[in-house]
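> Based on what follows, work out the 3D shape:
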Amino acid sequence: MAVGSGGSDFVHLHVHTEYSMLDGASLLDGLFTRVNELGMTSIAMTDHGNLHGAYDFYSKAKKYGVKPIIGIEAYLTPQTHRTERRRVRWGKGNGEGSEEGGNDVAGGGAYTHMTMWAENTEGMHNLFRLSSRSSLEGFYYKPRADRELLNEYGKGLIATTGCPSGEIQTRLRLGQYDEAVRSASEFQDIFGKDSFFLELMDHGIDIEKRVRDDLLRLGKQLGIPPIATND
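Now for the predicted structure:
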């Protein structure tokens, strides 16, 4: 599904470029060359916790005749204030979750993930402000935003439940369905019902499959429309 693009063209919405340290393998010129080869008219960038490549991405997209969608895979505090420097566990302390692939809060309890994109010029300005303040005020292993910043800069942004390290999927893995519903409802209120989506991935890995039924159930309950992405 395409966000921010016209027509029914397929658009990759979750893309890590060379500006995602140790995770993005796509050099921009090669990325846009391949987008053109595949006949795609738009593509998003969602680098990890930063917008350093936004201008480079935008400029090269225009050079190749591709519509750029500027986004970020943001890091959020686990329902704490961004200035707090402590690890948080939502589970029962069984030792799981110390790594990204575990059941509990990612980064050993330091952050969750959320995918978001700028829908318009106001959203672009807000995305830059959100990213800057996350680095300046919320850095704890990663540059982290919190509910306060999301409420302040959420206008003009489109967001999702994110990857398996997102807050809602983490709650679901821990069997905390009611908490997941509360979080999703809160994000709907922040971004608006038309600007918050259920992000579904299928890379054939267990952490994605484990809560898919509950995630779809939650989406149906709250009226959150789904999108499909590759990470």
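
> List the buried residues for the helix or strand bottoming out on mean pLDDT in the chain?
Taking mean pLDDT, DSSP states H and E as the measure, the chain has helix 206-209 as its least confident helix or strand, at a mean of 90. Buried residues in helix 206-209, counted by 16 or more other Cβ atoms under 10 Å: 207, 208. Bear in mind the C-beta positions are built from the backbone N, C-alpha and C, glycine included.

> Give me the next element, helix or strand, following it.
For helix 206-209, the following helix or strand on the C-terminal side (DSSP states H and E) is helix 212-222.

> quick one: average pLDDT of that following helix?
Helix 212-222 comes out with an average pLDDT of 97.

> to the chain's geometric centre, what's the distance from that helix?
Put simply, helix 212-222 sits 18 Å off its chain's centre (Cα atoms, centre = their mean, to the nearest Å).

> just stretch 14-27 next, same as before
Mean-position distance between stretch 14-27 and its chain equals 14 Å (Cα atoms, centre = their mean).

> Check stretch 81-94 too.
Centre-to-centre, stretch 81-94 and its host chain are 20 Å apart (Cα atoms, centre = their mean).

> avg pLDDT for that stretch?
The average pLDDT within stretch 81-94 is 88.

> What are the contacting residues of that stretch?
Residues outside stretch 81-94 that contact it (Cβ atoms under 8 Å, 6 or more residues apart in numbering) are 77-80, 97, 103-105, 108-110, 133-134, 137-138, 140, 144-146, 148-149, 170-171, 174, 176, 179.

> follow-up on the earlier one: return the list of helices and strands in contact with the least confident helix or strand of the chain.
For helix 206-209, there is no helix or strand it packs on, judged by 3 or more Cβ pairs under 8 Å, 6 or more residues apart in numbering; DSSP states H and E.

> Contacts for it, please.
Under the criterion Cβ under 8 Å, 6+ apart, residues 101, 164, 173, 201, 202 lie in contact with helix 206-209.

> which of those lies closest to residue 41?
The closest of the contacts of helix 206-209 to residue 41 turns out to be residue 201 (Cβ to Cβ; 22.8 Å).

> ok, the closest one - how many residues close by?
Look at residue 201: counted by other Cβ atoms under 10 Å, it has 19 neighbours.

> now the one 3 residues further on
When neighbours are defined as other Cβ under 10 Å, residue 204 has 7 of them.

> go on, residue 37?
Close neighbours of residue 37, defined as other Cβ under 10 Å, add up to 8.
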